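Asks: Okay, sequence plus prediction incoming.
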Amino acid sequence: MLPNNQEQYDSLKRKLEALLQRLNSSSGEELSFKAGPDKWSVVEVVEHLVIAEKDLLNQLSTNIPASTLDPEAKTPEKYQIVIKVMERDIEVDVPHESMEPHGRLTLDDLVNQWNDIREKLQGLLAEIHADNKDDLVYRHPYGGPLDISETLHFFDVHYDNHMRHIDRILAQTK
């Protein structure tokens with residue numbers, strides 16, 4: 001795996017381990033608490049993160065061998081807007097309904113899925129070499145097509161945004 005991709009992957013891995021430690025010390029009531037009917041629980045936030053990473057895995061599986069994404073559709077300005085919105089915790093709707101959690105899975109089921117996704121992700125990242133590191137491999141619904149470094153950065157920022165979301169939910173349960 002390219003060193004930069006390895007660093008980004010390792011960061012995501014450490015963050016997931018820290019989240020799982022935190023969730024293991026939370027009660028079922030805390031994990032299922034919703035501040036309102038249209039608000040997500042901690043488990044639903046986790047489900048959203050798993051859904052997003054599943055989408056990442058599907059897109060990488062398709063685009064790493066030979067990118068199908070149009071370089072002319074690349075929109076760096078929109079990508080930067082997405083990053084800034086998440087870094088500033090500006091509440092926005094999920095960019096596509098397929099990213100909405102359904103609340104039907106247990107935390108254990110989600111963790112098992114997430115571990116499987118991460119294992120497959122690591123394998124796909126190993127397929128990226130210096131000659132194809134700039135290929136477009138992921139399409140964000142608003143931010144447009146991204147190369148692997150941008151993609152992993154997006155998922156890092158996305159993860160951090162939702163960790164703060166989880167912190168706010170858990171703070172309301174105290």
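Replies: Received it, and whenever you're ready, just let me know what you need. Numbers count the residues shown, from 1 in each chain.

Asks: Residue 15 belongs to a helix?
Replies: Yes. Assessed by DSSP: H, G, I helix; E, B strand; the rest coil, residue 15 belongs to a helix.

Asks: what sits against the residue nearest the centre of the chain?
Replies: Nearest residue to the geometric centre of the chain (C-alpha atoms, centre = their mean): residue 155, 4.4 Å. Each residue near residue 155 by C-beta atoms under 8 Å, 6 or more residues apart in numbering is listed here: 12, 52, 53, 56. C-betas here are computed from N, CA, C, even on glycine.

Asks: what's the closest of those residues to residue 64?
Replies: Among the contacts of residue 155, residue 56 lies closest to residue 64 (C-beta to C-beta), at 11.4 Å.

Asks: doesn't residue 138 make contact with that closest one?
Replies: Yes. Proximity of residue 56 to residue 138 meets the contact threshold set by C-beta atoms under 8 Å, at 6.1 Å.

Asks: If you count surrounding residues, which of those two has more?
Replies: residue 138 (24 against 20; other C-beta atoms under 10 Å).

Asks: So the more buried one belongs to a strand, correct?
Replies: Yes. Per three-state DSSP, residue 138 lies within a strand segment.

Asks: That one is in contact with residue 146, isn't it?
Replies: Yes. With contact defined as C-beta under 8 Å, residue 138 and residue 146 form a contacting pair (4.9 Å).

Asks: Return every residue with contacts to both of the two.
Replies: With C-beta under 8 Å, 6+ apart, residue 138 and residue 146 have common neighbours residue 154.

Asks: Model confidence for residue 96, exactly?
Replies: Residue 96 carries a pLDDT score of 89 in this model.

Asks: if we can go back for a sec, mind listing the shared neighbours of residue 56 and residue 138?
Replies: What both residue 56 and residue 138 touch, as defined by C-beta under 8 Å, 6+ apart, is the set residue 151.

Asks: hang on, the earlier thing: so which of the contacts of residue 155 belong to strands?
Replies: Residues of those located in strands (DSSP state E): none.

Asks: Tell me which entries of those lie within helices.
Replies: Judged by DSSP state H, helices contain the following of the contacts of residue 155: 12, 52, 53, 56.
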